[in-house]
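Enquirer: Next input, structure requested:
(2 chains)
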Amino acid sequence: MSGTGQPVLEARGVVMRFGGLTALSGFDLTLHSGELVGLIGPNGAGKTTAFNALTGVYAPTEGDVEVAGRRVNGMRPHQICELGVARTFQNVRLFKELSAFDNVRIACHAGSRSGFTSAWMLTPTHDAEERRIAARAEEFLSVMELSPRRDELARNLPYGEQRRLEIARALATGPKVLCLDEPAAGMNASEKVALLELIRRVRDQFQLAILVIEHDMRLVMGVSERMLVLDHGVTIAQGAPEAVRQDPKVIEAYLGDGKLRLRPPREAGTGVP
Amino acid sequence: MERARLVLRSVAPFLVALPVLWFVQGSLASYTSFVAINIAVNVILAVSLNVVNGFTGQFSIGHAAFMAVGAYTAALVTTGLESLAIPGVPAAVSGQAVFLVALAVGMLAASVAGLVVGIPTLRLRGDYLAIVTLGFGEIIRVIIENTRVLGQATGISGLPACTNVVWAGMGVVLTVVMARRLLQSTQGRALLAIREDEVAAEAMGVDTVGWKVRAFVISAAFAGLAGALLVHKIQLVTPRMFTFVKSMEVVVMVVLGGMGSITGSIVAAAVLTIALETLQAADQYRMVIFSMLLIVLMLTRPSGLFGTREIWDVLPRWRRRRAPGEAP
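Expert: This next block holds a predicted model:
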């Protein structure tokens, strides 16, 4: 499925340093639309740091991030969002006291240019805009199979649905790239499979590039065409899932140095947290 | 036809309110109308502060300063233009026209002050923001106290008594309509998103700093309106009217009514104003009463009377189920 032409998201030699700590070094990533790439690595490998550098939460210490050919270093997250990079959070960050519908409607705001005055005077433009936003929000709720939960407060939704609502909200910003930070965390096996299907469908329906951080190797291998493995901020392997899985460096990062073990790991790469 | 309907819907609250207020104005005794205007001013203050504290979730405690800016600016306009009669128009009418201009200029000046204070301070969060708004509030008051044109500590007296129940009531209608329509618009939802989770709001394309500043400016403008209305009732403006105590009073109204609840602010403002009016003798215990009230409230109902809900969501709970997303 890997696309050609201009990449929608490109990171070149991104370095993130916090004081003396280098959380991410020489991070390279090229993402074409329609691609689904998995970003894996043990705890503290720098996966979320990479996400934050890509989405503008941090400005990269070194290197460049480009969205559809435009350099976005140092831009604020909302500007990068408007250029087409949306994300979810590792610990669900919904607008808890608002309904599922409102959560998605807020994300639809991106690109709206009407101001306070038209809202106060209830101008026809404002009306049309509100209707457009409502229709859009309904659409994304139904894509993520949340339509029956439309008026439920976000905090009252079950955990799996909160995760889906977060994806619906991210989609509503109209992204070219969707970054999912451990979308399946805390889900049981059957929920994970369903989510996986949903992610794949979303990718096909909206022709998105999707970058997924995941702990569950099996999940991410089943869904992505390409993987990137981080350890201690360094990209230690990348390529097709099967190749990555056999890579001795990856096995070492996940399971430690084989020499120290009593028995060599038989099924390296699976069943790892 | 469709267009006429839209225009009508837009101005309907004002068309309804005007004759009603006119009628009420005629039927009120002078003391009652004084209290009514006081209530109106406090409702405007509470609802406008709610835009920042309740909708946007930024805790500002310097509201009285913007009230002062609006009050002084309007006072300068009315005293400056008092002698100026518009030719061919009866004196009463031209006086009203001047007052309208004064209110508008007062709001404008207050919103400029809001912008000046808001841009540097709204990068701060929580307690820091509260302290800084308090500081700016005092700075503005001290500047006024030391400016000769503004009459220093004695202020400006002999303002025309322009404010009546109609003006004050229309001010309330304007403020409430503003807040209500804001809450139901995509712009208002951006503010709510900031209150709920700033990081997520920013990631969803909400320019958090920009919207916070805008909310602050709007809030300041309406505080200015309240100030301008108040001083043209009591015909006097002095810096002592706009101290920290006044700011706290408004904060108490907002917290009491429930942060984010428009009707909550209205009810709380009305109740507190009447309470203060009837407890005139206990004036020096005002802050004691307020702090006790807040302590009791925090212990029993931490989210205020109505929380973020409106009165009709709370009271007849058994009769009317709420239909979210539907404009009442």
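Enquirer: host element of the nearest residue to A:Arg87 once chain neighbours are set aside?
Expert: Beyond its immediate neighbours in the sequence, the residue positioned closest to A:Arg87 (CB to CB, 6 or more residues apart in numbering or on different chains) is A:Cys179, lying 4.1 Å away. Using the backbone N, CA and C atoms, a C-beta is placed for each residue, glycine as well. Mapping A:Cys179 onto the secondary structure by DSSP states H and E places it in strand A:177-181.
Enquirer: What is that strand packed up against?
Expert: Applying 3 or more CB pairs under 8 Å, 6 or more residues apart in numbering or on different chains; DSSP states H and E, we find strand A:177-181 packed against helix A:47-55, strand A:85-87, helix A:159-172, strand A:209-213.
Enquirer: Parallel or antiparallel, list what pairs with it.
Expert: Taking DSSP bridges as the criterion, strand A:177-181 sits next to strand A:85-87 (parallel), strand A:209-213 (parallel) in its sheet.
Enquirer: What angle do helix A:47-55 and it make with each other?
Expert: Here the directions of strand A:177-181 and helix A:47-55 differ by 150 degrees (axes from the mean of the first three to the mean of the last three CA atoms, to 10 degrees).
Enquirer: tilt between strand A:177-181 and helix A:159-172?
Expert: 160 degrees.
Enquirer: For the next helix or strand after strand A:177-181, buried residues please.
Expert: Once the chain leaves strand A:177-181, the next helix or strand it forms, by DSSP H and E, is helix A:189-206. Judged by neighbour count (16 or more other CB atoms under 10 Å in any protein chain shown), helix A:189-206 contains these buried residues: A:Glu191, A:Lys192, A:Leu195, A:Leu196, A:Leu198, A:Ile199, A:Val202, A:Arg203, A:Phe206.
Enquirer: quick one: contacts of helix A:189-206?
Expert: Identification of contacts with helix A:189-206 by CB atoms under 8 Å, 6 or more residues apart in numbering or on different chains yields A:34, A:36, A:143-145, A:160, A:163-164, A:167, A:171, A:178, A:180, A:183-184, A:187, A:208, A:210, A:212, A:216, A:219, A:222-223.
Enquirer: redo that, cut-off 7 Å
Expert: Contact partners of helix A:189-206, identified using CB atoms under 7 Å, 6 or more residues apart in numbering or on different chains, comprise A:34, A:36, A:143-144, A:160, A:171, A:183-184, A:187, A:208, A:210, A:216, A:219, A:222-223.
Enquirer: just those now: which is nearest B:Ala226?
Expert: B:Ala226 lies nearest to A:Leu171 out of the contacts of helix A:189-206, by CB to CB, at 42.8 Å.
Enquirer: Tell me how many other residues crowd that closest one.
Expert: A count of neighbours around A:Leu171, defined by other CB atoms under 10 Å in any protein chain shown, yields 23.
Enquirer: wait, isn't it in contact with A:Phe140?
Expert: Yes. With contacts counted by CB atoms under 7 Å, A:Leu171 reaches A:Phe140, the gap being 5.1 Å.
Enquirer: Please give the element, helix or strand, for A:Thr30.
Expert: Taking DSSP H and E as the criterion, A:Thr30 maps to strand A:21-31.
Enquirer: ok, and for that strand, which residues are buried?
Expert: Residues of strand A:21-31 classed as buried by neighbour count (16+ other CB under 10 Å): A:Thr22, A:Ala23, A:Leu24, A:Ser25, A:Phe27, A:Leu29, A:Thr30, A:Leu31.
Enquirer: Please apply the same query to stretch B:11-26.
Expert: Within stretch B:11-26, the residues scored as buried using 16+ other CB under 10 Å are B:Pro13, B:Ala17, B:Leu21, B:Val24, B:Gln25.
Enquirer: now do stretch A:63-77
Expert: Taking 16+ other CB under 10 Å as the neighbour-count basis, stretch A:63-77 is seen to contain the buried residues A:Gly63, A:Val65, A:Glu66, A:Val67, A:Ala68, A:Val72, A:Met75, A:Arg76, A:Pro77.
Enquirer: how close does the fifth one get to A:Thr173?
Expert: Just to be clear, that refers to A:Ala68. Distance from A:Ala68 to A:Thr173, counting by CB to CB, to the nearest Å: 15 Å.
Enquirer: likewise the third one?
Expert: As judged by CB to CB, A:Glu66 and A:Thr173 stand 19 Å apart.
Enquirer: which element is the residue sitting nearest the centre point of chain B on?
Expert: The residue lying closest to the centre of chain B (CA atoms, centre = their mean) is B:Leu45, at 2.3 Å. Of the helices and strands defined by DSSP H and E, B:Leu45 is found in helix B:30-50.
Enquirer: dump the residue contacts of whatever residue of the stretch 1-150 of chain B ends up closest to chain A.
Expert: Here the residue of the stretch 1-150 of chain B nearest chain A is B:Ser10; by CB to the nearest CB that distance is 4.5 Å. With contact set as CB under 7 Å, 6+ apart, B:Ser10 has these partners: A:Met121, A:Leu122.
Enquirer: B:Val176 now?
Expert: If you count contacts by CB under 7 Å, 6+ apart, then B:Val176 has B:Val47, B:Ile262 around it.
Enquirer: 8 Å instead?
Expert: The neighbourhood of B:Val176, defined by CB under 8 Å, 6+ apart, consists of B:Val43, B:Val47, B:Ile262, B:Ile266.
Enquirer: Of the residues you listed, which is the most crowded?
Expert: Highest neighbour count within these: B:Val47, with 30 neighbours (other CB under 10 Å).
Enquirer: and the helix or strand hosting B:Met170, which residues are buried?
Expert: Counting by DSSP H and E, the element that carries B:Met170 is helix B:165-183. Taking 16+ other CB under 10 Å as the neighbour-count basis, helix B:165-183 is seen to contain the buried residues B:165-183.
Enquirer: What is the helix or strand following it packed up against?
Expert: The element immediately downstream of helix B:165-183 (helix or strand, assigned by DSSP H and E) is helix B:186-196. Using 3+ CB pairs under 8 Å, 6+ apart as the contact criterion, the secondary-structure elements in contact with helix B:186-196 are helix A:100-107, helix A:116-121, helix A:124-143, helix B:165-183, helix B:198-203, helix B:208-234.
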